[in-house]
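Undergrad: I'd like to go over a predicted model; first the sequence, then the structure.
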Amino acid sequence: MELKIRKNGDNYIIDVNGEMDLYNSYKLKELVMKMLDKKVGRFVVNLQNVDYIDSSGIGALIYICSTIKKMGLKLVITNIHGSVKKVIELTKLMGYFPIAPTIDEALQRMEA
């Protein structure tokens, strides 16, 4: 799994590439925690290039989401598709995660 960060105004977009599994999902958690330490408050997690997620990846997303919600900050997860979408639907987490279909829509939700 590879993580890239880009900035759009006050929003930080984290592009996740590869598989989110037991061996690497901690990297996303660590990255977000470091960004929170640096007072970043607006996150878009882009899963466009993620084709596989396991329970560890779901766990990482839940941890990130709950931490950001507790801090009163903003997070939107975007571009969920294929097997990743199926896993999130099966775990009944579609309503838990703030999800937008595209990055543009995620950025619009940040401003709301």
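TA: On my side now, so go ahead.
Undergrad: next one: the one helix or strand I58 maps to to chain centre, how far?
TA: Using DSSP states H and E, I58 falls within helix 55-70. Averaging C-alpha coordinates over helix 55-70 and over its chain gives two centres that are 8 Å apart (C-alpha atoms, centre = their mean, to the nearest Å).
Undergrad: what's it packed up against?
TA: When contacts are defined as 3 or more C-beta pairs under 8 Å, 6 or more residues apart in numbering; DSSP states H and E, helix 55-70 packs onto helix 25-37, strand 42-49, strand 74-78. (Each C-beta comes from the backbone N, C-alpha and C, glycine too.)
Undergrad: just want the angle from it to strand 74-78.
TA: Here helix 55-70 runs at an angle of 150 degrees relative to strand 74-78 (axes from the mean of the first three to the mean of the last three C-alpha atoms, to 10 degrees).
Undergrad: quick revisit: among the helices and strands packed on helix 55-70, which comes closest to G59?
TA: Counting by C-beta to C-beta, G59 lies closest to helix 25-37 out of the helices and strands packed on helix 55-70; the figure is 7.0 Å.
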